[in-house]
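Here you go, sequence then predicted model.
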Amino acid sequence: LQPGDMVRVPPVRLSAKTDDERSRPSPAALEYLSSRVIFEDKQLLVLDKPSGMAVHGGSGLSYGVIEALRASRPDCHYLELVHRLDRETSGCLLIAKRRSYLRSLHVLLRAGSMEKNYMTLVRGDWQLGKVLLEDHLSTHQRRDGERHVEVGAEGKASASRFRPLQSFSRATLMEVSLLTGRTHQIRVQAEAAGHPVAGDE
């Protein structure tokens, strides 16, 4: 650029949709989520959450599973997440349909009376056997709103039991039981152990 040059920045066209339209899930998304309900009674709904879908809006997302469920069930007066799963994690997500049931489940979670088991594929040939990994995890907020988690002495105590199930030439299928529930706990502890989760960005 030279002094006196004229610089023109053309307008950015993002979407013809209104803010209200962007904040609502499409009918196809609502139908898809409804098809993934694997258990429901008067107190609880269990959903097979797909990978790639956030459990709630935020960090640039206008809606997630809980907002979509509320939109698809206007007659259901109470729907609250019992726990969370990372956006890229698939699995059973519990949604309470009554406040009293949510409180009861939170008591069980805090007391460690509820088991949380995951399966993950990690890179490399796991040679550590069945092991309890205990680390301190620190969470940092990025400028884009995403949270970045890493092992750090100042972080919160985290514990996971890793058990190899099947070994492949360059990867190992693991069962992981969480004893604490920190953000990105499995992926951060696996990476710290030298075996990052396969495909994790």
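Nice, thanks for sending it over.

my read is Cys76 is in a strand, agree?
No: in this structure, Cys76 is coil, not part of a strand, as judged by DSSP: H, G, I helix; E, B strand; the rest coil.

What separation do you get for it and Ser90?
When distances are taken as C-beta to C-beta, to the nearest Å, Cys76 and Ser90 turn out to be 24 Å apart. Where C-beta positions appear, they are placed from N, C-alpha and C, glycine not excepted.

In terms of neighbours, single out the busier of those two.
Between Cys76 and Ser90, counting by other C-beta atoms under 10 Å, Ser90 is the more crowded of the two (16 against 12).

The closest residue to the more buried one other than its chain neighbours: how many residues sit nearby?
Nearest-residue entry for Ser90: Ser51, 4.2 Å, with adjacent residues in sequence omitted and distances by C-beta to C-beta, 6 or more residues apart in numbering. Close neighbours of Ser51, defined as other C-beta under 10 Å, add up to 11.

Pull up the distance across stretch 105-121, start to finish.
In terms of C-alpha to C-alpha, to the nearest Å, the two terminal residues of stretch 105-121 are separated by 29 Å.

Hmm, I typed the wrong one, I wanted stretch 141-152.
Calculated as C-alpha to C-alpha, the first-to-last residue distance of stretch 141-152 is 15 Å.
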